[in-house]
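Enquirer: Give me a model of this one.
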Amino acid sequence: MIRLGVIGYGQRLAHMVEAIGRFGAGTRVVAVVDPRKDELRRLHAEALRDATFFEDVDAMLDAGDLDGVMIGTRCSLHTPYAVKVLQRHLPLFLEKPVATSWEQLDTLRAAAERSRSPVVVSFPLRVSDMCTTARAIVDSGAIGTVEHLQAVNNVPLYGSIYYHGWMRDEGETGGLWLQKATHDFDYITFLVGQRPARVCAIESKTVFRGEMPAGLRCVDCDRQDECMESPYNQFYRQDLTPAVEPNDWLCSFAPDTGNHDSASAIIQYQSGMHAVYTQNFYTRRGAARRGATLIGYRGTLGFDWYQNELTVHYHHSNRVERHQFEVAGEGHHGGDKELAHDFLAVIQGRGASRATLEAALVSTELCLLARDSCRTASFQEFGRPPAGTGKGQEPATETLGVR
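Expert: Next comes the predicted model:
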């Protein structure tokens, strides 16, 4: 039996535990740290039948006999709990974002350098069939070297969770660069295959703002019938079952919502080529789009996870290739299954992680630089030395001329 410990048994990790179990490798959750013991026992009776609940992470780790640990707490706790697991050199599955501040990033990087833990970070897009196929085509030289990349993430219905529930608290999540763009910056860097050089970014908040009372709950509002973001109309008009308990939904048109609602970044890589990325959180239905266009001298490769299609246009002939993907019922376009596969592989010592902590540290730094760029209207240089080294503790900047 493979004995798993789980820190934060929320919806995401419950799904991943189920995905791991489908491999039939004899995995069991035997230890859990989560204050919702009775609720979790009721909701996941079978999955947690062998689990002992612990009051804190140290007690769980001190009890020993774990083959791997999974962390799925709220975002601000990912780093401190990951450090504790890394100190035990145990295989680790770590939810993103892996850090929410420069201080956490420095702490996690230092802990990783001292640890022998193999780590699988929850970056399912980079291991999905769509993305790995795109990387294989790039590596084949079919489109030439990637000279420009355009990426987009127009978030569909579920984007409302960033304005109604706890994820509107930027102090908890680090904001939507770290909460959402960390996935995209990771797969973009994976496809480009280069080290970033610098980044600039801008963000807007023009839709999810307003003058409704701070702290107003949707259930207490007299505008439910007319508001398209109310639980009533999320279901009636948009066929969305709210991901947050409707009674807990807060108004997304109040001054306390937090989070930008659209943002864009430009990342320049070492060769001089650059990638352009944009994300939006009020697109709906068929307007959803997530994917990228990679342009080389010989051809252009484009893909969209929502369309399950990848296309290659060859610039110097009339040849067009189309690749269709069947990903029925698989979370994150098939990437969750691949992450589950890799976590089992590192536990059993028969394979390596394809979503490494090293890659996650790069993505996290890009997100923090993008956040800083928005605040300072400046280019931010990649490769910021850790605080306390005495070398360039303030990130190098170049003004964008914005006043």
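Enquirer: Off-centre distance for stretch 360-376?
Expert: Relative to its chain's centre, stretch 360-376 lies at 14 Å (Cα atoms, centre = their mean, to the nearest Å).
Enquirer: Give me the average confidence score over that stretch.
Expert: For stretch 360-376, mean pLDDT is 98.
Enquirer: How about stretch 261-268?
Expert: Across stretch 261-268, pLDDT averages out at 98.
Enquirer: Can you show me the CA trace of that stretch as PDB?
Expert: This file holds the C-alpha atoms of stretch 261-268, laid out as PDB (Å, rounded to 0.1, in the frame of the first residue of the first chain):
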ATOM      1  CA  ASP A 261     -10.700  41.700 -14.100                       C
ATOM      2  CA  SER A 262      -8.300  41.900 -17.100                       C
ATOM      3  CA  ALA A 263      -4.500  42.100 -17.400                       C
ATOM      4  CA  SER A 264      -1.700  41.700 -20.000                       C
ATOM      5  CA  ALA A 265       2.000  41.000 -19.800                       C
ATOM      6  CA  ILE A 266       4.900  41.000 -22.200                       C
ATOM      7  CA  ILE A 267       7.800  38.600 -21.400                       C
ATOM      8  CA  GLN A 268      11.100  39.000 -23.200                       C
END
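Enquirer: and that stretch, how far out from the chain's middle?
Expert: Per Cα atoms, centre = their mean, the centroid offset for stretch 261-268 relative to its chain is 16 Å.
Enquirer: Same check on stretch 164-178?
Expert: Counting by Cα atoms, centre = their mean, stretch 164-178 comes out at 12 Å from the chain centroid.
Enquirer: Same check on stretch 296-309?
Expert: 21 Å.
Enquirer: surely G159 meets Y282?
Expert: Yes - between G159 and Y282 a contact is recorded at 6.8 Å, counting by Cβ atoms under 8 Å. Placement of C-beta: from N, CA and C, glycine included.
Enquirer: So for those two, which sits in the more crowded spot?
Expert: G159 (22 against 19; other Cβ atoms under 10 Å).
Enquirer: so where do the strands sit in the stretch 1-150 of the chain?
Expert: Along the stretch 1-150 of the chain, counting by DSSP state E, counting those that start in this stretch, strands occupy 2-7, 27-33, 52-54, 68-71, 92-94, 119-121, 148-154.
Enquirer: measure R284 to M167 for me?
Expert: Note on R284: its distance to M167, by Cβ to Cβ, to the nearest Å, is 18 Å.
Enquirer: which of the residues in the longest helix seen in the chain are buried?
Expert: Secondary structure of the chain read by DSSP state H shows that its longest helix is helix 357-376. Buried positions in helix 357-376, judged by neighbour count with 16 or more other Cβ atoms under 10 Å: 357, 359-374.
Enquirer: Stretch 259-272 now?
Expert: Neighbour-count burial for stretch 259-272 [16+ other Cβ under 10 Å]: 259-269.
Enquirer: same deal with stretch 139-149?
Expert: Along stretch 139-149, these residues count as buried under the neighbour rule (16+ other Cβ under 10 Å): 143, 146, 149.
Enquirer: what sits against V327?
Expert: V327 makes contacts with 128-129, 308, 333-334, as judged by Cβ atoms under 8 Å, 6 or more residues apart in numbering.
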